[in-house]
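Asker: structure of the sequence below:
(chains A and B)
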Amino acid sequence: MPELIVTKDIDAPGMDTLDGYRQYGGYEALARALKEYQPDELVELVKLSGLRGRGGAGFPTGMKWSFLAKNDKTRYLCCNADESEPGTFKDRMIMEKNPHLLLEGVIITSYACRVSTAFIYVRGELALAGRQVERSIEEAYAAGYIGENILGSDFSLDVILHRGAGAYICGEESALMESLEGRRGYPRLKPPFPAVIGLYGGPTVINNCETLATLPAIVKNGAEWYASFGTEKSTGTRIFCLSGHVKKPGNYELPLGTPIRTLIYDEQYGGGILDDKQLKAIIPGGSSTFILGADKVDTPLDFESIAAAGSMLGSGGVVVMHEDTCIVDAVLRMTEFYRDESCGKCTPCREGTYWLTEILQRIEHGDGKESDIDLLMDICDNISGKSFCPLGDAATSSITSSIKLFREEYEYHIREGRCMVGAGAALVASH
Amino acid sequence: MISEQAKQRMRDLAVRYPVTRSAVMPALYIAQQEEGYITQEALQAVAETIGLTVDDVESVATFYTMYYQQPPGRKVIKICTSISCYLRGCDALVSHLEQRLGTKRGETSADGNYTLMTAECLASCGTAPVLQVNDEFVEEITLEMADALIEEWNRELGVVSQMNSPDSASSDGQAGSTKDFEPKTEIKL
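Answerer: Residues are numbered from 1 along each chain as shown, chains lettered A, B, ... in the order given. Have a look, this model is predicted:
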């Protein structure tokens, strides 16, 4: 079992309090960062570590920081803790169990990026996570880790917790900023990117919760140490959120490059498929990523290998489906999500996700037409890349990939009016 | 009635942010705590303290699903129905709760005790299926656990369960037929 980085000691008693966190070396990285590093040196350190964003896109973190516009406008940091990608549940765990780790990452990042006001945007539904982060902020103010002249340095920082209120779109960075500014969460057109014109018009760095929680370990142990985990281009570890038809679902932190098979079947992790059934399909990075067939089970879980296999590592949400899963119904479920969560700003996404759902519903319920498969593909083509933000694109991923991999199931549904596999196979469609 | 104390909390929030307007979401939460949902008075109080028009505040309040536009039940139950919970049988859980509470998804029971909602992925996929009651998680929930929860909720609410007593409901995992529902208010989300 490799040494864990982000989840290290996460279940230690009292870890969610300041005292407990300090017992395990908490805030030592911050002290070292302030004492031993100039801000730009920290940016270089993170670049060297190879750390890439853990939210979805996997953009190199140090490079993102170095893109911040150099002007006299106030800079901001937003921690994106609006975790809502179906199949993803790591940020909630970090916030509930080790909120100070996140906070220490926020403070280090703020120092590195010369930010004096940082926001932690916590998803509204995650009430306990919000309370834990709020308490950790209060404790950190009282202990002098946030506020004026932190640990006797000339660095000062204000940290504000901002709770979302139920909108998946606010996990998209520009919508998150709109929401923070007190508006409806409509995405902004890019460019300009947040690093140039972001929150309140200032240069803004937006990092995912897990990304920020990785930083204290990098400062403490060095870039080379971090890069010694994982692969050459996908360094470090990642928390993989394993769910669906496995015996032991849960969060497992593993070095990048670990094969999907290990995560699913190893006794230390997933422990195999539920009821020892056959693996059918894998969603490797949350419901916005392309579905992979069972033949891809030996693919290493790193950015490059998963891309080569035809999908994305995304948010780290690995959803496993076994042989009894009706692909049409599962895809319908995922598509309904995007229909409900489309913010409605762009027509292709707003109308397209609605029609995709309608068509999938009629196929699932036995009223599909032969032309429906082509129609689905055509609508996906008309959504993809034609909206402000990637939500519409995300909605098409499961549809296009499942038609490619399981076309015969769609055809069977249309022809026979019922599922080819699973519980629905035995029922005559009654809808 | 929005108390002066609540309004003061809103004003305090407004100065905490670099731009006052950013306080509109937390202020709406405060107003909702006071009123139970987003009333006209809630909108007005937020508008006054933050310095926006009522329409502007309403446009924000109606975008986010956690600001209730109708009075919710005393227990708001949200069942996750996204992909991971779907693969772990959340649909049977939804049907079971609909039957046991005599309330369909998206509705509030006639006595105002329960609002039953389905929710998008609640970040609890490793412990699916999952529900939240008044924002607190109950994870890895079985139909038997759901029955025990209903008993507990009913006790808390001082409700004697009548037509939906545990005896009349199936606890073997089979969702029963839909009974006649009382007239319900639909929660607009």
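
Asker: which SS class is B:Ile77?
Answerer: strand (DSSP: H, G, I helix; E, B strand; the rest coil).

Asker: can you count the residues close to it?
Answerer: As a burial measure, B:Ile77 scores 25 neighbours (other CB atoms under 10 Å in any protein chain shown). C-beta here means a position set from N, CA and C on the backbone, and glycine is covered the same way.

Asker: what distance do you get for it to B:Gln99?
Answerer: B:Ile77 is 13 Å from B:Gln99, where distance means CB to CB, to the nearest Å.

Asker: go on, B:Asn134?
Answerer: Distance of B:Asn134 to B:Gln99, given as CB to CB: 21 Å.

Asker: what about those two, which has more around it?
Answerer: Shown here are B:Asn134 and B:Gln99; by other CB under 10 Å, B:Gln99 has more neighbours (19 against 14).

Asker: what is the helix or strand containing that one packed up against?
Answerer: Assigned by DSSP states H and E, B:Gln99 falls within helix B:90-101. Under the contact definition 3 or more CB pairs under 8 Å, 6 or more residues apart in numbering or on different chains; DSSP states H and E, helix B:90-101 sits against strand B:75-80, strand B:114-119, helix B:143-157.

Asker: dump the ones you listed to JSON lines, plus distance to chain A.
Answerer: Output for the helices and strands packed on helix B:90-101, formatted as JSON lines (distance: least, CB to the nearest CB, whole Å):
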{"stretch": "strand B:75-80", "distance to chain A": "8"}
{"stretch": "strand B:114-119", "distance to chain A": "7"}
{"stretch": "helix B:143-157", "distance to chain A": "16"}
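
Asker: can I get these in a markdown table including mean pLDDT?
Answerer: Output for the helices and strands packed on helix B:90-101, formatted as a markdown table (pLDDT from 0 to 100):
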| stretch | mean pLDDT |
| --- | --- |
| strand B:75-80 | 98 |
| strand B:114-119 | 97 |
| helix B:143-157 | 96 |
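
Asker: distance to A:Ala112 for the ones you listed - can I get that in CSV?
Answerer: Output for the helices and strands packed on helix B:90-101, formatted as CSV (distance: least, CB to CB, whole Å):
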stretch, distance to A:Ala112
strand B:75-80, 37
strand B:114-119, 37
helix B:143-157, 46
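
Asker: domains for the chain, by residue range?
Answerer: All of this refers to chain A. A:18-227, A:237-322, A:327-425 (automatic domain parsing).

Asker: sorry, I should have been clearer: chain B.
Answerer: Segmentation of chain B into domains, based on automatic domain parsing, reads B:4-61, B:75-186.

Asker: near chain A at all, the shortest one?
Answerer: Yes - if you take CB under 8 Å from any CB of the partner chain as the test, domain B:4-61 does meet chain A, through B:16-19, B:21-26, B:28-29, B:50, B:59-60.

Asker: endpoints of that domain, how far apart?
Answerer: Start and end residues of domain B:4-61 are separated by 21 Å (CA to CA, to the nearest Å).

Asker: and that domain, average pLDDT?
Answerer: In this model, domain B:4-61 carries a mean pLDDT of 97.

Asker: ok, which stretches of chain B are strands?
Answerer: Along chain B, the segments classed as strands by DSSP state E run B:75-80, B:107-108, B:114-119, B:131-133, B:136-138, B:185-186.

Asker: cool, and the stretch 251-400 of chain A?
Answerer: Ranges of strands in the stretch 251-400 of chain A, per DSSP state E, counting those that start in this stretch, are A:279-283, A:292-293, A:317-322.

Asker: which of these is buried the deepest?
Answerer: Scoring the strands of the stretch 251-400 of chain A by mean neighbour count under mean count of other CB atoms under 10 Å in any protein chain shown gives strand A:317-322 as the most buried, with a mean of 27.

Asker: spit out the contact partners of the residue nearest the centre of chain B.
Answerer: Centroid-nearest residue in chain B: B:Val76, 3.4 Å away (criterion: CA atoms, centre = their mean). By CB atoms under 8 Å, 6 or more residues apart in numbering or on different chains, the contact set of B:Val76 is B:Thr115, B:Met117, B:Gln132, B:Val133, B:Asn134, B:Asp135.

Asker: repeat the analysis, applying 6 Å as the threshold.
Answerer: Neighbouring residues of B:Val76 by CB atoms under 6 Å, 6 or more residues apart in numbering or on different chains: B:Thr115, B:Asn134.

Asker: same check on the one 4 residues further on?
Answerer: When the contact criterion is CB under 6 Å, 6+ apart, the partners of B:Cys80 are B:Ala119, B:Leu122, B:Val130.

Asker: try it again with 7 Å
Answerer: Residues counted as contacts of B:Cys80 (CB atoms under 7 Å, 6 or more residues apart in numbering or on different chains) are B:Cys90, B:Ala119, B:Cys121, B:Leu122, B:Ser124, B:Pro129, B:Val130, B:Leu131.

Asker: give me the nearest residue to the fourth one, chain neighbours excluded.
Answerer: Read it as B:Leu122. Counting by CB to CB, 6 or more residues apart in numbering or on different chains, B:Leu122 lies nearest to B:Cys80, which is 4.3 Å off, once chain neighbours are set aside.

Asker: any part of the longest helix along chain A near chain B?
Answerer: Longest helix in chain A by number of residues, with DSSP state H as the criterion: helix A:391-416. No - Helix A:391-416 stays clear of chain B (CB under 7 Å from any CB of the partner chain), getting no nearer than 8.7 Å.
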